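Chemist: Have a look; sequence and predicted model below, questions after that.
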Amino acid sequence: YDLEYQINLMQMRDDPYKGRGAGIVSVLFDIDPDEEDNEKMEELIQAFEKVWNKDRMECEDFQRKKRRLHSKLYDLVTEGKEEATFHSKLRAARHLAEEDQDWDPWHKKILRSIWFFGYEGSLTEPPCSEFVEWRIMREPAYISTQQLNRLKKILFNHVDSECRRTSVHSKENGVARPLQPLNNDLYTGHNLFECTCLDFLSDVQREELKQSKCAFVEREEFGFDPNTYTKEWNKEVHPYDSAEEFWAATGTEPWWA
């Protein structure tokens, strides 16, 4: 996939011994086959670009101040006029970057399905703590090549107000996340599971169909290939009739408990 988009959901648990709980929703992106822009991602990219431009200009302002401190020949008149023009542009960039904007991270142009793959895992940056419930959305979203290239520029070439590169992919910082050990223990590890229409339907579907999930014979109507989602698959992945039955049988509890 060309891009990953994450929504991080954090909570503080009442029990101090259980610490924090977190859910991270991950959406993978493909390049649109017709090279059409994703209109919702375009809103996000433009907002990022405003901040990127503002930070780049603040970096330039930082460099200008350093040069003035070390310059022996400083033309107050000529430099003053140029500085006034630059700072006018800087103020405009700051104003654009600080504009309030409503944006829906759950928009259907991004989350194209309600069903997902899941596993218990860790943060994607040090200290890589293991308290995350990952949800990888089943259907990838789409973005154009030009939008992807603009995101690469924003993420990989960003500098802060003192000209320090912020991307973990920069030469200075390297990659943030080291390789982690694989842990596939069924009850304590990163066991992968998939939620489909056999597990739940959307609120709209429940209202229209008057049912909470699809029947096994209906799976193809909801986009699940019967050659992949076979009776054998169903028996293997649905050994319990409910989550409560699973927790009771395994002695585990939900992550939010």
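Modeler: That came through, no problem.

Chemist: okay, CA-based contacts and neighbour counts for the rest of this
Modeler: Fine.

Chemist: Please verify my assumption that Asn53 contacts His95.
Modeler: No - with contact defined as CA atoms under 8 Å, Asn53 and His95 do not form a contacting pair (11.4 Å).

Chemist: the more surrounded of those two?
Modeler: For Asn53 versus His95, neighbours defined as other CA atoms under 10 Å are more numerous around Asn53 (19 against 13).

Chemist: which ones are touching the more buried one?
Modeler: Ala93 (CA atoms under 8 Å, 6 or more residues apart in numbering).

Chemist: That one sits in which helix or strand?
Modeler: Assigned by DSSP states H and E, Asn53 belongs to helix 39-70.

Chemist: For stretch 193-203, give the mean pLDDT please.
Modeler: Averaged across stretch 193-203, pLDDT comes to 93.

Chemist: Cys197: neighbouring residues, count only.
Modeler: Cys197: 21 neighbours (other CA under 10 Å).

Chemist: Assumed Gly118 was part of a strand.
Modeler: Yes - judged by DSSP: H, G, I helix; E, B strand; the rest coil, Gly118 forms part of a strand.

Chemist: Give me the neighbour count for it.
Modeler: Neighbour tally, Gly118, other CA under 10 Å: 21.

Chemist: Use 54 as the first number for this chain going forward.
Modeler: I'll keep to 54 as the first residue from here, and by that count the last item is Gly171.

Chemist: so where do the strands sit in the stretch 104-253 of the chain?
Modeler: 169-174, 185-190, 194-196, 246-248 (DSSP state E, counting those that start in this stretch).

Chemist: what about the ones you listed, which gets the closest to Lys119?
Modeler: strand 194-196 (40.7 Å; CA to CA).

Chemist: tell me what the closest one is packed against?
Modeler: Contacts defined by 3 or more CA pairs under 8 Å, 6 or more residues apart in numbering; DSSP states H and E place strand 194-196 against strand 73-84.

Chemist: Give the partner strands of the strand it packs on in its sheet and their orientations.
Modeler: Take DSSP bridges as the rule and strand 73-84 pairs in its sheet with strand 56-65 (antiparallel), strand 185-190 (parallel), strand 194-196 (parallel).

Chemist: Name the residues of the helix-or-strand element of the chain with minimal mean pLDDT that come out as buried.
Modeler: For the chain, counting by mean pLDDT, DSSP states H and E, helix 129-150 ranks last in confidence among helices and strands (a mean of 78). Of all the residues in helix 129-150, those buried under the rule 16 or more other CA atoms under 10 Å are Leu143, Ala146, Arg147, Leu149, Ala150.

Chemist: Adding distance to Glu135, write those residues out as JSON lines.
Modeler: Listed next are the buried residues of helix 129-150 as JSON lines, based on distance: CA to CA, whole Å:
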{"residue": "Leu143", "distance to Glu135": "12"}
{"residue": "Ala146", "distance to Glu135": "17"}
{"residue": "Arg147", "distance to Glu135": "19"}
{"residue": "Leu149", "distance to Glu135": "22"}
{"residue": "Ala150", "distance to Glu135": "23"}
